[in-house]
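S.K.: what follows is a predicted protein model with its sequence.
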Amino acid sequence: FFSLAGSDFVEMFVGVGASRVRDLFKEATKQAPCIIFIDEIDAIGKSRDSKYGGGNDEREQTLNQLLAEMDGFDSSKGIFILAATNRPEVLDKALLRPGRLDRRITVDRPDKKGRIETLKVHSKDVLMDDTVDFDEIAMATSGLVGSDLANIINEAAIAAVKNGRNVVTQKDLLGAFDTVVAGKEKKERVLSKKEKQVVAYHEIGHALIRAIKNNSDPVQKITIIPHTNGSLGYVLNFPEEEKHLETKDELMTDLISLVGGRAAEEVVFGSVTNGAYDDIKKATNLAKTMITRYGMSDRFGLVALSTVEDEYLSGRASMNCAQATEAEVDDEVKKLIASCYEEAKQIIRENREVMDQLARYLYDHETITGKEFMKMEAIHQQLVVSQKAIYGRTLVVIQTIMNLMIQLKKKKMINNKGAYHIVICPLYQRLFFSDMCE
Ligand code: ZN
């Protein structure tokens, strides 16, 4: 088994790379049957196209040598070549032709089942008690990769030792998850009374919108304890079951909830803080993705205006449209976020009383779990309030129609003979008109 990194071939001396490739294959032929594994193949296999910074003589020579060696291959030689990279899109096309590196295996982020198995692997040498439920941990860690999961197990073990135990509990694991996601609690940082109030309203703003627009993932935890990653508090939410698709409504709720923190600050305190910078960044990215990649804007329709080139690394999208269109996209992003912000403020104004109760509770307790949050009397009342709000809006509609009819009657555009009934069906929040006028 020959294992080397792509960078092993590259040296400052011209010709060394090519000769190393020759030596490798000579040695491999002698040892056959054998496996050659080249890690980070992009160091030598990068496209010769100038778009990817090609035109490096030494690297090209190394690549040409590699291509030439692989050409002479057949199954009788007994050499098997494997290579790995995070950037398959920059590899030279010639390297990927049939007969060379022609099979591709994608090692993607693990799904729920994958995460459970990964957790089992990393926890083999760690003592766990009966409370441990990997299912719950796997559910919470959607989007994390193997090394993150290993990190969670490690942090949980450290927490157990710190508490003088020799077994890890579910609580340790959940705490470790928080540590990996948001850093450690930074209890020595003392917030002023006013700051703590602002943070409490801010976080409740996020959570309340999620709870009211219940087409989104339930809230799991809200905290206003500062963490080492710089946040003064956060709302944690994760789905009850693994999701592979998200609807436009769910994404819109994410957007409204993201700006909900800032909206709460504005509605409650009349001024805003810099605490929402991360929310703003996330909201902008999400809005831009919805418009340029998911085809969710009426203005641009189903056009891919941006593409992700290195999906296994940063995942950053680059725009591929005219500059004028790009400016329009910025405009559309601004509009989308502004409308979400208005809606967030509206929801918060309508639920101000509940908001105050919840913020007060969070201020006193500093951390509340999703269950506590949903159980709180305030939320039950909230449902009544929101029903009333819908009913209230319906009444406004009826009033408007009545006024309109009176106007029409005055102008003799309708006569008295036509009787009309308006029936409200609260279940569907729709108005049914019958026999309105002749
Ligand atoms: Zn926030």
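M.R.: Received, thanks. As the structure is a prediction and not an experimental result, all values here were calculated from the model. Residues are numbered from 1 along each chain as shown.

S.K.: what helix or strand is residue 258 located in?
M.R.: Counting by DSSP states H and E, the secondary-structure element that holds residue 258 is helix 248-269.

S.K.: again but with residue 331, I slipped
M.R.: helix 323-350.

S.K.: buried residues, that helix. List them.
M.R.: Neighbour counts using 16 or more other C-beta atoms under 10 Å place 328-329, 332-333, 336-337, 340-341, 343-345, 347-348, 350 of helix 323-350 among the buried residues. All C-beta atoms are positioned from the backbone trio N, CA, C, and that covers glycine.

S.K.: angle of that helix against helix 248-269?
M.R.: Relative orientation of helix 323-350 with respect to helix 248-269: 60 degrees, computed using axes from the mean of the first three to the mean of the last three C-alpha atoms, to 10 degrees.

S.K.: starting at the chain centroid, how far to the helix or strand just after helix 323-350?
M.R.: Towards the C-terminus, the helix or strand next in line after helix 323-350, according to DSSP H and E, is helix 352-365. Relative to the centre of its chain, helix 352-365 is centred 27 Å away, using C-alpha atoms, centre = their mean, to the nearest Å.

S.K.: okay, buried residues for helix 352-365 please.
M.R.: Of the residues in helix 352-365, those with enough neighbours to count as buried (16+ other C-beta under 10 Å) are 354, 355, 357, 358, 359, 361, 362, 363.

S.K.: then stretch 306-320?
M.R.: Counting neighbours by 16+ other C-beta under 10 Å, one finds that the buried residues in stretch 306-320 are 306, 309, 311, 317.

S.K.: pLDDT of that stretch, averaged?
M.R.: Model confidence over stretch 306-320, given as mean pLDDT, is 80.

S.K.: off-centre distance for it?
M.R.: From the chain centre to the centre of stretch 306-320 is a distance of 15 Å (C-alpha atoms, centre = their mean).

S.K.: quick revisit: other SSEs contacting whatever helix or strand comes next after the helix holding residue 258?
M.R.: Tracing the chain past helix 248-269, the next element assigned as helix or strand by DSSP H and E is helix 277-292. In this structure, helix 277-292 packs against helix 248-269, strand 317-319, helix 323-350, with contacts taken as 3 or more C-beta pairs under 8 Å, 6 or more residues apart in numbering; DSSP states H and E.

S.K.: would TSV of these with distance to the ion be doable?
M.R.: As requested, those are arranged in TSV below (distance: least, C-beta to the ion, whole Å):
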stretch	distance to the ion
helix 248-269	3
strand 317-319	23
helix 323-350	11
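
S.K.: now these as CSV including distance to residue 118?
M.R.: Formatted as CSV, the entries for the helices and strands packed on helix 277-292 read as follows, by distance: least, C-beta to C-beta, whole Å:
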stretch, distance to residue 118
helix 248-269, 27
strand 317-319, 28
helix 323-350, 36
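
S.K.: select from those the stretch with the lowest mean pLDDT.
M.R.: Confidence, taken as mean pLDDT, is least for strand 317-319 of those (a mean of 84).

S.K.: now what about it, what contacts it?
M.R.: Defining contact as C-beta atoms under 8 Å, 6 or more residues apart in numbering, one finds that strand 317-319 is touched by 288, 289, 292, 293, 305, 306, 307, 308, 309, 326, 329.

S.K.: wait, the first one touches residue 331, no?
M.R.: When you say that, I think you mean residue 288. No. The pair residue 288 and residue 331 fails to qualify as a contact (C-beta atoms under 8 Å) at a distance of 11.7 Å.

S.K.: and the strands in the protein?
M.R.: Along the chain, the segments classed as strands by DSSP state E run 2-5, 34-39, 79-83, 219-223, 234-237, 306-308, 317-319, 367-369, 421-425, 430-434.

S.K.: deepest of those strands, which one?
M.R.: Neighbour counts averaged per stretch over the strands of the chain are highest for strand 219-223, at a mean of 23; criterion: mean count of other C-beta atoms under 10 Å.

S.K.: mind listing what's buried along stretch 182-190?
M.R.: 182, 185.

S.K.: oh, that last question was meant for stretch 101-114, not what I typed.
M.R.: For stretch 101-114, the buried set under the neighbour-count rule, 16+ other C-beta under 10 Å, comprises 101, 110.

S.K.: quote the end-to-end distance of it.
M.R.: Its start and end residues considered, stretch 101-114 measures 26 Å (C-alpha to C-alpha, to the nearest Å).

S.K.: mind starting the numbering at 108 from now?
M.R.: Sure, I'll start counting at 108 from here, so that last one is stretch 208-221.

S.K.: which other residues reach it?
M.R.: The list of residues contacting stretch 208-221 from outside it, by C-beta under 8 Å, 6+ apart, reads 148, 177, 188, 190, 195, 198, 202-203, 224-225, 245-246, 249-253, 256, 349.

S.K.: any buried residues in stretch 298-317, and which?
M.R.: Of the residues in stretch 298-317, those buried under the neighbour-count criterion (16+ other C-beta under 10 Å) are 298, 303-317.

S.K.: same question but for stretch 390-397, I mixed them up
M.R.: Of the residues in stretch 390-397, 390, 391, 393, 394, 395, 396, 397 count as buried by neighbour count, 16+ other C-beta under 10 Å.

S.K.: ok, so what distance separates the residue lying closest to residue 201 once chain neighbours are set aside from the ion?
M.R.: Counting by C-beta to C-beta, 6 or more residues apart in numbering, residue 174 is the residue found nearest to residue 201 once chain neighbours are left out, at 5.6 Å. Relative to the ion, residue 174 is positioned 52 Å away (criterion: C-beta to the ion, to the nearest Å).

S.K.: and for residue 174, the neighbour number?
M.R.: The criterion is other C-beta atoms under 10 Å. On that basis, residue 174 has 16 neighbouring residues.

S.K.: which of the strands of the chain sits closest to residue 237?
M.R.: Residue 237 sits nearest to strand 474-476 of all those, at 21.1 Å, using C-beta to C-beta.

S.K.: how about the residues of the chain by the ion?
M.R.: With C-beta under 5 Å from the ion as the criterion, the chain comes near the ion at residues 368, 386.
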